[in-house]
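[1] When you get a sec, could you give me coordinates for this:
(chains A and B)
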Amino acid sequence: MTRADTERIRGHLDELSVIGSDPRGGFSRLVYTERERAAHSLFRRWLDGYGLTTSTDAVGNSFGDLAGSEDLPVLMSGSHLDTVYQGGNFDGAAGVVAAVEIARILAETGGMRHPLRVAAFAGEEGARFGAPCIGSRLMTGAFTEHTLKQLKDRDSVSAWDAAKSVGLQPEQSASARWDPADVSCFVEIHIEQGRVLEARNHTLGVVHTIGGSTRVELTFEGRADHSGATPMWLRRDALVAAAEFISSVERRAQRHATSVATVGTVSVGPNSLTTVPGRVVLGLDVRDIDSERQRELTETLLDDALRIAAGREIVITARQLSDQSPVVLHGTVQNVLAGAATRQGMPFISMPSGASHDAAHLAKHVPTGMVFIPCRDGVSHAPEEHAEPEHIAQAVDVVVDAFRAIDEGATV
Amino acid sequence: MSETDGEVWVNKVLRVYDESRVRLSEVDSLAELREDILRASFQKGAVHLDSGVEQPYFFEKYLIVARPTILRRLARFLAARIPAGTDRVAAPTLGAVAIGTAVSLETGLPLAIVRSGEADGSGRRSVEGGLHPGEIVILIEDVVVTGQRALMAVRKLREAGVIVTAVVSVIDCGRGAADRFTEEGLDYDSLFQTPTLLPKGIS
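    Below you'll find the predicted structure:
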């Protein structure tokens, strides 16, 4: 049986690494830029070379199709090629290169009843427009052309205009809608983006749930005053209130094994050494694989903010930036992947995904699974991000085995 | 759950003094739970169930109770279906016990565990949990197909002298159990019912 070729995987990652290399370090292949499109073109060239039929839809998702011997729904694998600002060359790309290798193996060996489709989704990262998984959500219908017009980057360019500027057809967004009946199963290979696999000394993870997130921007409005002339008892220091809130976030989130909560952005006004901070705007990101706990923790933290503020005569306002529920992945697909890993002699652990992925959106419509591989020191969304081509190759062998099992009748 | 714009709100101002600011509505929560249960446990393929029924699908119910993220929500929705004035919840072995325990924790009502199957002659009690005659008891079930296991549990509970007024289940497979419960003088409520629960193309 044809095995995944580690050197070919390494070669594809190397080819990709010349696209969007950022002079400040890492890679910046933001959604709907020429760089993201160049990566998609490369993806299609690889697949053309293996005899697949390639295409790019109106909103920039690219596909390669390999016919099967019967008229069945497709087996599908893929991920994304865009990055965050100064990200790495493996988040998303590892899964796309893996899917390309799956296609090569199945194209060379043939004998599959099911057709295969490999995908590179447009704009999985939320870095540019705030909303992640733009391509996959346009595909599933969760986003529409209207959403593209609403989403703006930091230069106030809309996603619609950005898509247009790289030659896509956002006005035909509706044509990118898929029919879930066309897909029998979707499996995404992805780097873990954390340190659990390394800590457990494993190189393969089968994901059972993809975490959700609730994001809120909180403004603490106090009063800016002279730091020398204003005695402590007269102050309404917004930053001290925010600091108390931030420690509350850490304490509350420690209560449940599945919850994480982060204040990742703080802006202080007027941000002057000699002025009592009058205003603080902070960003809160609450994540969980438990849908209700995610919201309940956020509610509790909002109550904390109000309580802390009340004691300090601070006024709180809040905006919800986004809200996404955790998604339980299909038990049937996990079973098939676990069986495949066992046949391949690959020990694995069953684990949740803390980060969100295109797979979370596809899972709402078709049987979906996710396979994790480790990334060095757990580093991701940073130039130091690295995954071993050998681990990608192992994951490819497992998914090929799983696809063959489904082709031979395993139910998903 | 059909995906709508509900999934992402960009720049939605929150009324910070409202009781619920970021919680999902009960309707959305239930729809989400339904999808999670389906993804976690639904399996295609013909099976012969213990009840003798052949079905083109089944629910791997242990995959539901094994996930706290599902079981906790399930318990909350089931607890809301336990009538006021209930003294105790009861659950037949094996699969329903975890759900019964979760509902017991959620409501604060004590639990009784009913041994499924015929008496094995070992002299063991058919109902465990120290229930007292005269108590008003609700039976919790996981997946109800014909309802035979539930009815046997109700009989054992009634033999123990308690008043069983209703059965509350997670999934009802629409195979006539509701009528059998009515004949036995039981109210019946299920959180999800096939065929509305089933994915497209399955009946």
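
[2] Residue 176 - how many residues pack around it?
    Answering for chain A, as no chain was given. Neighbour count of residue A:176, defined by other Cβ atoms under 10 Å in any protein chain shown: 24. The way it works is simple: take the backbone N, C-alpha and C, and place the C-beta from them, glycine included.

[3] not what I meant, chain B
    So residue B:176, with other Cβ under 10 Å, has 12 neighbours.

[4] Kindly report the same for the one 10 residues further on.
    Residues lying near residue B:186 (other Cβ under 10 Å) number 19.

[5] What separation do you get for the residue nearest the centre of chain A and residue A:279?
    Nearest to the mean C-alpha position of chain A, by Cα atoms, centre = their mean, lies residue A:357 at 3.6 Å. Distance, residue A:357 to residue A:279, by Cβ to Cβ, to the nearest Å: 36 Å.

[6] Strands of chain B, residue ranges please.
    B:12-14, B:42-48, B:54-59, B:88-92, B:111-114, B:127-128, B:136-144, B:163-172, B:187-193 (DSSP state E).

[7] The closest residue to residue A:74 other than its chain neighbours bridge partners, please.
    In this structure, residue A:74 finds its nearest non-sequential neighbour in residue A:117, 4.2 Å apart by Cβ to Cβ, 6 or more residues apart in numbering or on different chains. Residue A:117 has these beta-bridge partners by DSSP bridges: residue A:65, residue A:76.

[8] Test my guess that residue A:117 contacts residue A:65.
    Yes: in this structure, residue A:117 is within contact of residue A:65 by Cβ atoms under 8 Å, at 5.3 Å.

[9] what residues do these two have in common as contacts?
    Taking Cβ atoms under 8 Å, 6 or more residues apart in numbering or on different chains as the contact rule, residue A:117 and residue A:65 both touch residue A:74.

[10] Which of these two has more residues huddled nearby?
    residue A:117 (22 against 18).

[11] so residue A:352 is in which element?
    Assigned by DSSP states H and E, residue A:352 falls within strand A:349-353.

[12] rewinding a little: what would the strands of chain B look like in a markdown table with mean neighbour count and mean pLDDT?
    As requested, those are arranged in a markdown table below (neighbours: other Cβ atoms under 10 Å in any protein chain shown; pLDDT from 0 to 100):
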| stretch | mean neighbour count | mean pLDDT |
| --- | --- | --- |
| strand B:12-14 | 15 | 91 |
| strand B:42-48 | 14 | 87 |
| strand B:54-59 | 16 | 87 |
| strand B:88-92 | 27 | 97 |
| strand B:111-114 | 24 | 97 |
| strand B:127-128 | 18 | 94 |
| strand B:136-144 | 24 | 96 |
| strand B:163-172 | 22 | 97 |
| strand B:187-193 | 18 | 96 |
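
[13] Just put those strands in CSV and tack on distance to chain A.
    Shown next, in CSV, are the strands of chain B (distance: least, Cβ to the nearest Cβ, whole Å):
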stretch, distance to chain A
strand B:12-14, 4
strand B:42-48, 5
strand B:54-59, 10
strand B:88-92, 21
strand B:111-114, 22
strand B:127-128, 30
strand B:136-144, 15
strand B:163-172, 15
strand B:187-193, 15
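
[14] count of neighbours near residue A:41?
    Neighbours of residue A:41 (other Cβ under 10 Å): 15.

[15] swap in residue B:63?
    Neighbours of residue B:63 using other Cβ under 10 Å come to 21.

[16] any idea how far residue A:21 is from the closest residue to it other than its chain neighbours?
    Leaving aside its sequence neighbours, residue B:63 sits nearest to residue B:41 (Cβ to Cβ, 6+ apart; 4.5 Å). Distance from residue B:41 to residue A:21, counting by Cβ to Cβ: 46 Å.

[17] neighbour count winner among the two?
    Set residue B:41 next to residue A:21 and count neighbours by other Cβ under 10 Å: residue B:41 wins out with 25 against 14.

[18] How about the contacts made by that one?
    Contacts of residue B:41 by Cβ under 8 Å, 6+ apart are A:331, B:59, B:60, B:61, B:63, B:64.

[19] can you give me the helices in the stretch 251-400 of chain A?
    Along the stretch 251-400 of chain A, the segments classed as helices by DSSP state H, counting those that start in this stretch run A:291-310, A:331-343, A:358-362, A:389-407.

[20] want to throw those into JSON lines with mean pLDDT?
    Conversion of the helices of the stretch 251-400 of chain A to JSON lines gives the following (pLDDT from 0 to 100):
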{"stretch": "helix A:291-310", "mean pLDDT": "97"}
{"stretch": "helix A:331-343", "mean pLDDT": "97"}
{"stretch": "helix A:358-362", "mean pLDDT": "97"}
{"stretch": "helix A:389-407", "mean pLDDT": "98"}
